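Trainee: What follows is a predicted structure for the sequence shown.
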Amino acid sequence: MAKKILIVDDSMMVRQMVTFTLQEAGFEVLEAENGQVALDKLGPNAVDLIVTDLNMPVMDGITMIAQARQLAKAKFIPILMLTTESQPEMKAKGKAAGATGWLVKPFDPPKLLAVIAKVLG
Amino acid sequence: MDDTNAFFQPALGVLPETSAEPATVASVPRDGVTSQPLGALSKRLSEVNRTTAERFMALAAALQASAQMAREITALSRRATGAELNDETGRAITLLHGLVQKAGEMSASLTSCTSRFSEIQSQLAAARPQLEKLVKMRALLHVVGVLSRIEANRIDNTLIDLSSLSKDIDGLADDVERHMNEILSKSQALRERLTAALKQLSSLSGEQSTQIAQMRQDTQAVLAPMLERSQAAAAAANEINDQYRNIQAETAKIVMGLQVEDIARQRMEHVQTALNKVDEQLHAGVAVETCAPILALQRAQMESTRDTIDEAVEKIESGLRALGPRVSELVTRTRQLSEQTRGDSSAFAGTLASRAQDIYAVCDDSQALERKTGEIVHGMVEALEQMMHGANAIEEIGASVHLVSMNAAIKTAHLGREGVAMGVIAEELGKINRNNRGDIEQVGQTLRSIRQALSQVATGESATDDTQQREEGKTLHQTLDGLAQSIRTSSDQMQTDLSTVESTVKRLSSELGRGCELARQARTIRDLFDTHIANFDHTVEQIGFRPEMAAHKADSDEAESLAELYTMESERRLHSQYSAQASVALSNDSEFGDDVELF
């Protein structure tokens, strides 16, 4: 059964490119345009991994991660941040909130897939 | 984002004096849209984002359509080279190898059976002298019986019953005669059966050798070319996968280029925010000179964003152009590989179907042979069982002789002086017992050993399930037949697939052409930026900005609050050129490079 990944980003282009890359590799993909929509989608759906942007309207990535970690079904899901941000302070915030890893945009498809393969084991 | 109002504190005595009066908002011509010219400029910059998004989304659609067609072409290519038959071929190869192995096992089983029978034959031959000696026991018992009867008649002693002793001895003699005759006859029958069985097994062995040789020949006739085809198909599949990876490498570059749309949008939003803030400051009476470094920075950000987009579009166009030749390489190779595969497909399929029938027939014959062997073994087991009855009886007789001899000895003792003659008879009985006990035990042991050996052979034969063998033969036949059919179908399909590949390549070529045209159109984003930058230059000139005003760098407080807008290193690097704030260096030990970190 294909692994399911949730991509959270306010940019349609980024969502499209991540979906394109992941579907080529055989993953099933869900999309959300901000942190709140992502949490809403986590309710009825079981996902194996989340890839999220940092800066989004309505709810940003770090807030989303902190809230997701309170949910039983998302407590241990790997969550990767995919963002233009690369400051150590921001990474520390992400890590403290519960992020599993950090990728800086623009992502290289083979690298993204390698990281996902690593965190999914 | 944090309010950056703190940044907009008027800088005192920092700027060089200019000849012109510091520009104020009141002296700036209204553009009819808003009294804040930079705000209006900021609004118009949204057009850049919209246009960039439209152009890039069109390119993304072209990429996705092209990638879909490339995937279709690759899947068809795999099929056109016979790669998809590999699993089926693999199963057939496994079954054939299994068949060859089983043939070897059957041969070993028959050899073992023959060898056991020969051993049994030797054991029976070795037991013959003992059996013949036991036959003589009957005569001895008969003589002793007569003598004991004579003595019993002679001795007139009503207290001791000697006639029953005579009867016992006579009975023993009769039993020995009966059982030994039976054993001898059964032993003879067993020997004859063994001889016949060994002859049959020898003949079956010859038959089996022929069958195995035939099976090996039939198997080899298909196994070798099958392995060759399987390896060729696997190599073809690997080649096609490599070609597809080359295609994916090009699409990966396009994917990276397309993401610049999001990056550019964010940068321009930051520029818009900064311009709005400057506009508010100017409206509040802050001098243009104070805001000059920030304005210069925003211009630089716009130029940098323009160049980044330009670079991305070039990368995208280059990627789209490269896809065509990559796909062409794949298709060329597919044609060649398909030709090689199709070449002998029909002949091979025919050979496979014919050999499948032959192998099935041999399996059938082999199964019949196995059955015959089983019958021979079971016949032997039955014969031996019958002989064992006699052997058990002999062992009992041996025990009885011992008892009778003891009885005679006891009666002799009771008779006292009268029993001297009876004593001789008792002694003779004891001798018979002693002389024959060893042989009786030996015969019993020999027969038990033979029974065990036969039982092992019988067990071995039982383990070879007729039904299972038949089913395996059927499965192999069906598999080979199915594979032959698949090869024929696949061969016919190849031509269709190649035609579909050609037509898909044409569509892909058209799509890539369209994509390249879209990329050329996307280059006009540069012109759009240039227009807005020119507009920016005009607007800031109107409000009193002069380039020399940007000579000084924004001070650290101002710079820090502006820097909070930024989310990208590229923005911060540019920012550091216009401010006293140093950019922060990053270090990363990730195996994936600077842009990835796993916690």
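Mentor: Happy to help now that I have it.

Trainee: hey, which helix is longest across chain B?
Mentor: For chain B, the helix with the greatest residue count under DSSP state H is helix B:163-258.

Trainee: Following the chain past it, name the next helix or strand.
Mentor: Along the chain past helix B:163-258, the next helix or strand (assigned with DSSP states H and E) turns out to be helix B:260-283.

Trainee: by contact count, what packs against that next one?
Mentor: On a contact count with 3 or more CB pairs under 8 Å, 6 or more residues apart in numbering or on different chains; DSSP states H and E, helix B:260-283 meets helix A:12-24, helix B:37-80, helix B:288-343, helix B:569-578. No exception for glycine: its C-beta is placed from N, CA and C like everyone else's.

Trainee: who wins for proximity to residue B:165 among the ones you listed?
Mentor: The stretch from the helices and strands packed on helix B:260-283 with the least distance to residue B:165 (CB to CB) is helix B:288-343; that distance is 95.6 Å.

Trainee: now the angle from the closest one to helix B:163-258?
Mentor: 130 degrees (axes from the mean of the first three to the mean of the last three CA atoms, to 10 degrees).

Trainee: Okay, helices next: where are they in chain A?
Mentor: Per DSSP H, chain A carries helices over the ranges A:12-24, A:35-42, A:61-68, A:88-97, A:109-120.

Trainee: Next: the stretch 401-550 of chain B.
Mentor: Ranges of helices in the stretch 401-550 of chain B, per DSSP state H, counting those that start in this stretch, are B:420-463, B:466-522, B:524-542.

Trainee: Show the average pLDDT along the longest one.
Mentor: What that stands for is helix B:466-522. Helix B:466-522 shows a mean pLDDT of 87.

Trainee: does any part of it sit near chain A?
Mentor: No: judged by CB under 8 Å from any CB of the partner chain, helix B:466-522 makes no contact with chain A; its nearest approach is 13.1 Å.

Trainee: Could you tell me which residues make contact with residue B:256?
Mentor: Taking CB atoms under 8 Å, 6 or more residues apart in numbering or on different chains as the definition of contact, the neighbours of residue B:256 are A:106-109, B:315.

Trainee: Quick check on those: which are buried?
Mentor: A residue is treated as buried here by neighbour count (16 or more other CB atoms under 10 Å in any protein chain shown); on that basis the buried members of those are A:106-109, B:315.

Trainee: Nearest to residue B:402, out of the residues you listed: which one, please.
Mentor: For residue B:402, the nearest member of those is residue A:109. The distance, counting by CB to CB, is 95.9 Å.

Trainee: is it true that the closest one touches residue B:252?
Mentor: Yes: under the criterion of CB atoms under 8 Å, residue A:109 makes contact with residue B:252 at 4.3 Å.

Trainee: Torsion angles phi and psi at residue B:597?
Mentor: The main-chain torsion angles of residue B:597 are listed as degrees, to the nearest 10 and equal phi -140, psi 130.

Trainee: now it, which residues is it bridged with?
Mentor: Here residue B:597 sits in beta bridges with residue A:102, going by DSSP bridges.

Trainee: Find the centremost residue of the chain, please.
Mentor: No chain in the question, so chain A it is. With distances taken as CA atoms, centre = their mean, the residue of chain A nearest its centroid is residue A:51 (1.4 Å).

Trainee: I was thinking of chain B, sorry if that wasn't clear
Mentor: Most central in chain B (CA atoms, centre = their mean) works out to residue B:87, at 10.6 Å.

Trainee: For stretch B:444-452, buried residues please.
Mentor: Along stretch B:444-452, the positions that meet the burial threshold by neighbour count (16+ other CB under 10 Å) are B:444, B:446-447, B:450-451.

Trainee: Among those, which one sits closest to chain A?
Mentor: Comparing these against chain A with CB to the nearest CB picks out residue B:451 as the nearest, at 58.3 Å.

Trainee: Grab the nearest non-local neighbour of that closest one.
Mentor: For residue B:451, ignoring the flanking residues on the chain, the nearest one in space by CB to CB, 6 or more residues apart in numbering or on different chains is residue B:384 at 5.6 Å.

Trainee: check which helix or strand covers that neighbour.
Mentor: Applying DSSP H and E as the criterion places residue B:384 in helix B:345-415.

Trainee: Could you check the angle that helix makes with helix B:163-258?
Mentor: Calculated by the same axes, to 10 degrees, helix B:345-415 forms an angle of 150 degrees with helix B:163-258.

Trainee: State the mean pLDDT of helix B:345-415.
Mentor: What helix B:345-415 shows for mean pLDDT is 82.

Trainee: and whichever strand or helix holds the residue nearest to the centre of chain B, what does it pack onto?
Mentor: Secondary structure assigned from DSSP H and E places residue B:87 in helix B:86-154. Contact partners of helix B:86-154 among helices and strands, from 3+ CB pairs under 8 Å, 6+ apart: helix B:163-258, helix B:345-415, helix B:420-463, helix B:466-522.

Trainee: Let me have those in CSV, adding distance to residue B:80 as columns.
Mentor: CSV is the format used below for the helices and strands packed on helix B:86-154 (distance: least, CB to CB, whole Å):
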stretch, distance to residue B:80
helix B:163-258, 9
helix B:345-415, 12
helix B:420-463, 47
helix B:466-522, 4
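
Trainee: picking that back up, weakest of the helices and strands packed on helix B:260-283 in terms of mean pLDDT?
Mentor: Averaging pLDDT over each of the helices and strands packed on helix B:260-283 singles out helix B:569-578 as the lowest, with a mean of 80.

Trainee: can you give me how far that one is from the chain middle?
Mentor: Relative to its chain's centre, helix B:569-578 lies at 53 Å (CA atoms, centre = their mean, to the nearest Å).

Trainee: what's the answer for stretch B:393-402, then?
Mentor: Here stretch B:393-402 is found 66 Å from its chain centre; the criterion is CA atoms, centre = their mean.

Trainee: buried set for that stretch?
Mentor: Taking 16+ other CB under 10 Å as the basis for neighbour counts, the residues of stretch B:393-402 that come out buried are B:393-395, B:397-398, B:400-402.

Trainee: Close to chain A as well: tell me which of these qualify.
Mentor: Restricting the buried residues of stretch B:393-402 to those near chain A by CB under 8 Å from any CB leaves nothing, as none qualifies.

Trainee: Chain A: which of those is nearest?
Mentor: Distance to chain A, by CB to the nearest CB, is smallest for residue B:395 among those, at 70.0 Å.

Trainee: Who are the contact partners of residue B:140?
Mentor: For residue B:140, the contact set (CB under 8 Å, 6+ apart) comprises B:428, B:432.
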